[in-house]
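>>> Provided below for reference: sequence and predicted model.
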Amino acid sequence: MTSVAVIVVVVVFAVAVDRSVSRWDMVRPALVCVAAMMVVLVPTHLPYLAVHRAWDATWTPRAMVAMSADLRSYVSAPPLSTDAYASLLPFSDRPGGHELRLFPGLVLPALALVGGMGTVRSVAAPAARAVRIIFGVLCGVAIILSLGPYLVIPGTARIPLPYLALHYAVPGWAGMRVPARFALLAVLAATPLAALGAIWIGERIARSRRVQRWSAWIPAFVSLALAALFLGELGMKPLPLVTSPTEPEVPRVYSWLASTGTGPLLELPLDPPSDQRYSLLSTIHWRPIVNGRSGFMPPIHDDLRAVLATFPAPRALQYAAAIGLGTIVVHTGHVSVDQLARLRVAEEAGSVHRVAAFGEDLAYGIGGTSVAAASLSIDVAIPPMLPAGRQTRLGLRVRATGERPGCNDDLRACQPSSLNGNATVAAEQSVRRFA
């Protein structure tokens, strides 16, 4: 989104404000500027590129529609605004995420409208004109982009929008999940216009003869009054906070994990609220964790979690060893009674090995399980010719690669995602060519 803002500001400035920046002698400074930005941005984008290549971490336009704003969004009051807005605006109770309730209040749009139209004497006319053009265009562009790939009007067909073209034309654009967040850029762009509006109001008040002797205090008075109006629109509601454990309250198992190596870790039970806590507490031990969620999950994520949640079942142990887990921590105070019973039976049978215990937190080591290979290579053995009218059996050669043993007796125990993707595609292409 910041890149969009930079491009819009630069282009509008060069086209509508100061065309001298498009001269040939400006090419070298522009290239230096682009190079400096790339030095900063490329290292932060490389991890995203790696994830994209490994997992095809993209969103389809159809999936983005659900997280795009529509015409109702800008008249839907967010939860933190005053209750008066929620009761007056028609769509404030609509289902959906808080990110689709984008009503900015009345003060900001009113000030931006005044700033975009009124004459401000204390600001040079060229500067005021530049602010109005640049940030007015940026605000409009951001609002259009917040609507996502289609303008959805209930009861009518979807109308394609520029976001759809950018989705296919701009590398990385398909990785953004919530187009509605462009509303933040629209609010930021409206802020300079609102500043001009605040100045205009101050100048109008200062012209009154009754307050001329207080003219020096007018800007401060207007600023405080507008700030009070903004706070009133927020309903004086505090931001909701979540208590996070501090050092004395952190369970001892996490300091133990920090001192016992760097192997990957799984914590049970698996559920979204617990995952958030596990992710936060992982900053104590800094070991890789299976737990955690984001807007995008790899294709195997849900299946993998479903199997690992059955620990200490044999299949869960196979999967844990296959992905290289070193430790599984079970928070017994939050798992089911049935799982606790199965855990005790597994310990007595010796199929799991407890390595540490800290009250209700039990740590188990993983190892020594026959597991799936890191990847499988598939070749299709097809003879050059086949006799007509006779049924022939073709061969499929599967080879385990990496250091882990393959599943010889039951390929179903292997992760579907562990199949080497290139080999699978090559096998399918061989069959098609032969056909």
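Yep, it's here. Numbering: from 1, shown residues only.

>>> How far does the lengthiest helix in the chain sit from its chain's centre?
When the chain is scanned for its longest helix (criterion: DSSP state H), the result is helix 27-55. Distance of helix 27-55 from the chain centroid (C-alpha atoms, centre = their mean, to the nearest Å) equals 19 Å.

>>> Go ahead and confirm Val8 touches Val141.
Yes - checked against C-beta atoms under 8 Å, the pair Val8 and Val141 is within contact range at 5.5 Å. Every residue, glycine included, has its C-beta placed from N, CA and C.

>>> How many residues are close by the closest residue to Trp214 other than its chain neighbours?
The shortest distance from Trp214 to any residue other than its chain neighbours is 7.9 Å, reached at Phe221 (C-beta to C-beta, 6 or more residues apart in numbering). With neighbours defined by other C-beta atoms under 10 Å, the count for Phe221 comes to 13.

>>> Helix or strand next in line after whichever strand or helix holds Phe221, which one?
Following DSSP states H and E, one finds Phe221 within helix 218-233. Using DSSP H and E, the helix or strand that directly follows helix 218-233 along the chain is helix 252-258.

>>> same for the helix or strand just after that following helix, what does it pack against?
The helix or strand immediately downstream of helix 252-258 is strand 265-268, counting by DSSP H and E. Contacts defined by 3 or more C-beta pairs under 8 Å, 6 or more residues apart in numbering; DSSP states H and E place strand 265-268 against helix 272-285, strand 327-331.

>>> got those as TSV, with mean pLDDT and mean neighbour count columns?
Shown next, in TSV, are the helices and strands packed on strand 265-268 (pLDDT from 0 to 100; neighbours: other C-beta atoms under 10 Å):
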stretch	mean pLDDT	mean neighbour count
helix 272-285	90	15
strand 327-331	95	22
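
>>> What separation is there between Glu249 and Pro240?
For Glu249, the distance to Pro240 (C-beta to C-beta, to the nearest Å) stands at 20 Å.

>>> Determine how far the strand or helix carrying Asp338 lies from the middle of the whole chain.
For Asp338, the element it lies in under DSSP H and E is helix 337-349. Put simply, helix 337-349 sits 38 Å off its chain's centre (C-alpha atoms, centre = their mean).

>>> Tell me what angle that helix forms with strand 327-331.
130 degrees (axes from the mean of the first three to the mean of the last three C-alpha atoms, to 10 degrees).

>>> Under the pLDDT cut-off, which ranges of the stretch 101-250 of the chain? List them.
Counting by pLDDT under 70, the stretch 101-250 of the chain has low-confidence residues at 155.

>>> Oh, that last question was meant for the stretch 301-435 of the chain, not what I typed.
368-376, 400-435.

>>> if you set the cut-off to 50 instead, what comes out?
Scanning the stretch 301-435 of the chain with the threshold set as pLDDT under 50 gives 368-371, 405, 407-427, 430-431, 434.

>>> related to what we said a few turns ago, which outside residues touch the helix holding Asp338?
Contacts to helix 337-349, defined as C-beta atoms under 8 Å, 6 or more residues apart in numbering, come from residues Leu268, Phe311, Pro312, Ala313, Val330, Thr332, Val352, Arg354, Leu362.

>>> Next, the buried residues of the helix or strand following the longest helix of the chain.
Remark: after helix 27-55, the chain's next helix or strand is helix 61-65, criterion DSSP H and E. Within helix 61-65, the residues that count as buried by 16 or more other C-beta atoms under 10 Å are Pro61, Met64, Val65.

>>> just those now: which is nearest Leu281?
Relative to Leu281, the closest of the buried residues of helix 61-65 is Met64; by C-beta to C-beta it sits at 32.7 Å.

>>> hang on, the closest one packs against Leu147?
No - counting by C-beta under 8 Å, Met64 stays clear of Leu147, with 10.5 Å between them.

>>> Just the terminal-to-terminal distance for stretch 323-333.
Using C-alpha to C-alpha, to the nearest Å, one end of stretch 323-333 lies 26 Å from the other.

>>> what sits up against it?
253, 257, 260-261, 263-269, 274, 287, 290, 304, 311, 320, 340, 343, 355, 360-366.

>>> Buried ones among those residues?
Using 16+ other C-beta under 10 Å, the buried ones in the contacts of stretch 323-333 are 253, 257, 260, 265-269, 287, 290, 304, 311, 320, 343, 361-366.

>>> Let me know the average pLDDT across stretch 8-18.
Throughout stretch 8-18, pLDDT has a mean value of 90.

>>> Show me what counts as buried in that stretch.
Buried, per 16+ other C-beta under 10 Å, within stretch 8-18: Val8, Val9, Val12, Phe13, Ala14, Val17.

>>> how much space is there between the most centrally placed residue in the chain and Leu31?
Most central in the chain under C-alpha atoms, centre = their mean is Gly295, positioned 4.8 Å from the mean C-alpha point. When distances are taken as C-beta to C-beta, Gly295 and Leu31 turn out to be 35 Å apart.

>>> And Pro387, by the same measure?
Taking C-beta to C-beta, one finds Pro387 at 67 Å from Leu31.

>>> And for Gly148?
For Gly148, the distance to Leu31 - C-beta to C-beta - is 34 Å.

>>> Which one's more surrounded, these two?
Gly148 (26 against 10).

>>> For the more buried one, which non-adjacent residue is spatially closest?
Looking at Gly148 with C-beta to C-beta, 6+ apart, the closest residue is Ser68, at 2.5 Å.

>>> The one you found: how many residues sit nearby?
25.

>>> sorry, back to before: quick one: common contacting residues for Met64 and Leu147?
With C-beta under 8 Å, 6+ apart as the test, Met64 and Leu147 both reach Tyr163, Pro179.

>>> What sits closest to Val17 if chain neighbours are left out?
Using C-beta to C-beta, 6+ apart, the nearest residue to Val17 is Ala130, at 4.7 Å.

>>> Can you get me a residue count around that neighbour?
17.

>>> what sits against it?
Ala130 neighbours (C-beta under 8 Å, 6+ apart): Phe13, Val17, Asp18.

>>> Identify, from these, the entry nearest to Ala35.
The closest of the contacts of Ala130 to Ala35 turns out to be Phe13 (C-beta to C-beta; 19.9 Å).

>>> give me phi/psi at the nearest residue to that closest one once chain neighbours are set aside?
Spatially, and ignoring its direct neighbours in sequence, Phe13 is nearest to Ile134 (6.0 Å; C-beta to C-beta, 6+ apart). Main-chain dihedrals, Ile134, degrees, to the nearest 10: phi -60, psi -50.
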